[in-house]
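Participant: I'll drop the sequence and a predicted model, then ask my questions.
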Amino acid sequence: MIVSMKPSYEITPRILKLISSISEKIGEVNANYLSKQSPQLRKQNRIKTIHSSLQIEGNTLTEEQITALIENKRVIGPEKDVLEVLNAIKVYEKLNVYKFSSEKSFLKAHLELMNGLLENAGKYRKQSVGIVKGTKVEHIAPPHENVPYLMNDLFEYLKDSDELALIKSCVFHYEMEFIHPFLDGNGRMGRLWQTLILMDKYQVFEFLPFETLISQTQDEYYKSLALSDKSGKSTHFIEYMLGVIEKSLDGLLNYNNRILKDVDRLDYFLKLGKKEFTRKDYMNIFKDLSSATASRDLKKGLELNLFESIGNLNKTIYIIK
């Protein structure tokens, strides 16, 4: 008989500190209208998410090639890598369709993510698996007979737990990786489902590519999984993932780290809801911008008929139509 168990973890001072910091940053994101991002920025971040999540699994396609596939252009590359990207594009376009607390939805997402890549896509494994790093067996997953029960318990935890979404998403991600319910696609499903759980509470996570930071810190990612395995608790992994989420929010809020094209900058600026503004107002939002680049942006905005101008030189006022 399989005994139902609540996932085991501790709330450490570091976890509390990270939750407090993340909550403040989410408030700042909402206050700055970043959740109303431009279509161009949403697209860029979606590309980063797909690229990073698949890169962790060994996919070789570049962000440029993924952009081409999103735009229905032909790409030359390994057939498997192209199919992985095409499947991921379909899944990430349907993020709002999947229900984070539904096991049926979870299996459907795996089917669509691994369609044509895995014979039993959308179905739990029917054999034992171990995870090997180099020549060493890092993790022996639970017996396949236990998988349906363990996953059912995990979805019950998602439905019934009053825990914060930030914690719940990390716990689910770790526990799912530990159970390793599929023969392939576990990593990308863990990252996808964490996004869904967070999106249910905070819409900003729809376009926050925290997979990029996981990709850049893969050693830490796997180390946190291993440490949690050894301790029998997901505490280490929760600390790691909350750190990743905090840094991703920093990146979203820090314009010094963002390379935006003129149209993206203008599009973002117009979302702030100002009726009229000066070049100085524009430069106050994009603090790294030179006055020459700001002038070029505003000239482009006039050409695109986004606003009209009154006055000359430094006294020019731009009125949004």
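Facilitator: Good, I have the coordinates. Residues are numbered from 1 along each chain as shown.
Participant: all strands for this structure, in order.
Facilitator: 130-133, 136-140, 276-277, 307-310, 317-320 (DSSP state E).
Participant: so can I have CSV of the ones you listed showing distance to residue 285, mean pLDDT and mean neighbour count?
Facilitator: C-beta coordinates here come from the backbone N, C-alpha and C atoms, glycine included. Output for the strands of the chain, formatted as CSV (distance: least, C-beta to C-beta, whole Å; pLDDT from 0 to 100; neighbours: other C-beta atoms under 10 Å):
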stretch, distance to residue 285, mean pLDDT, mean neighbour count
strand 130-133, 45, 73, 12
strand 136-140, 46, 73, 12
strand 276-277, 9, 92, 16
strand 307-310, 15, 92, 14
strand 317-320, 13, 92, 16
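Participant: Neighbours of residue 234, how many?
Facilitator: Residues near residue 234, counting by other C-beta atoms under 10 Å, number 27.
Participant: Which pLDDT value belongs to it?
Facilitator: Residue 234 is assigned 96 on the pLDDT scale.
Participant: residues contacting it?
Facilitator: Residues in contact with residue 234 (C-beta atoms under 8 Å, 6 or more residues apart in numbering) are 7-9, 170-171, 174-175, 228.
Participant: right, and the pair among these with maximum separation?
Facilitator: 8 and 170 (13.1 Å; C-beta to C-beta).
Participant: what residue ranges in the chain score low on pLDDT?
Facilitator: Regions of the chain meeting the criterion pLDDT under 70 cover residues 1-5, 31-41, 134, 137, 255-263.
Participant: Nearest the middle, which residue of it would you pick?
Facilitator: When C-alpha atoms, centre = their mean is applied to the chain, the residue found nearest the centroid is residue 209 (3.7 Å).
Participant: Quick check: it vs residue 191, distance?
Facilitator: Counting by C-beta to C-beta, to the nearest Å, the gap from residue 209 to residue 191 is 10 Å.
Participant: can you check residue 301 too?
Facilitator: Residue 301 is 37 Å from residue 191, by C-beta to C-beta.
Participant: repeat for residue 49
Facilitator: 9 Å.
Participant: Between these two, which contacts overlap?
Facilitator: Shared contacts of residue 49 and residue 191 (C-beta under 8 Å, 6+ apart): residue 211.
Participant: So which of those two has more stuff around it?
Facilitator: The neighbour count for residue 49 versus residue 191, taken as other C-beta under 10 Å, is higher for residue 49 (24 against 21).
Participant: residues contacting the more buried one?
Facilitator: Residue 49 makes contacts with 92, 195, 209, 211-212, as judged by C-beta under 8 Å, 6+ apart.
Participant: 10 Å - rerun?
Facilitator: Contacts for residue 49 (C-beta atoms under 10 Å, 6 or more residues apart in numbering) come out as 66, 88, 92, 191-192, 195, 206-212, 215.
Participant: Next: residue 23.
Facilitator: Taking C-beta under 10 Å, 6+ apart, we find residue 23 in contact with 164, 166, 202.
Participant: Tell me the spacing between the residue nearest to the second one when sequence neighbours are not counted and residue 145.
Facilitator: Residue nearest to residue 166 in three dimensions, not counting chain neighbours: residue 19, with 5.7 Å by C-beta to C-beta, 6 or more residues apart in numbering. Going from residue 19 to residue 145 by C-beta to C-beta gives 37 Å.
Participant: These two: who's more crowded?
Facilitator: Using other C-beta under 10 Å as the criterion, residue 19 and residue 145 rank with residue 19 on top: 18 against 10.
Participant: Isn't residue 81 up against residue 61?
Facilitator: Yes - under the criterion of C-beta atoms under 10 Å, residue 81 makes contact with residue 61 at 5.1 Å.
Participant: list residues touching both of the two?
Facilitator: Residues touching both residue 81 and residue 61 (C-beta under 10 Å, 6+ apart): 54, 75.
Participant: what's the offset of stretch 13-23 from the middle of its chain?
Facilitator: Relative to the chain's own centre, stretch 13-23 is displaced by 19 Å; criterion: C-alpha atoms, centre = their mean, to the nearest Å.
Participant: quick one: buried residues of that stretch?
Facilitator: If you call a residue buried by 16 or more other C-beta atoms under 10 Å, then stretch 13-23 has these buried ones: 15, 18-19, 21-22.
Participant: between these, which is closest to residue 130?
Facilitator: Closest approach between those and residue 130, by C-beta to C-beta: residue 15, at 29.8 Å.
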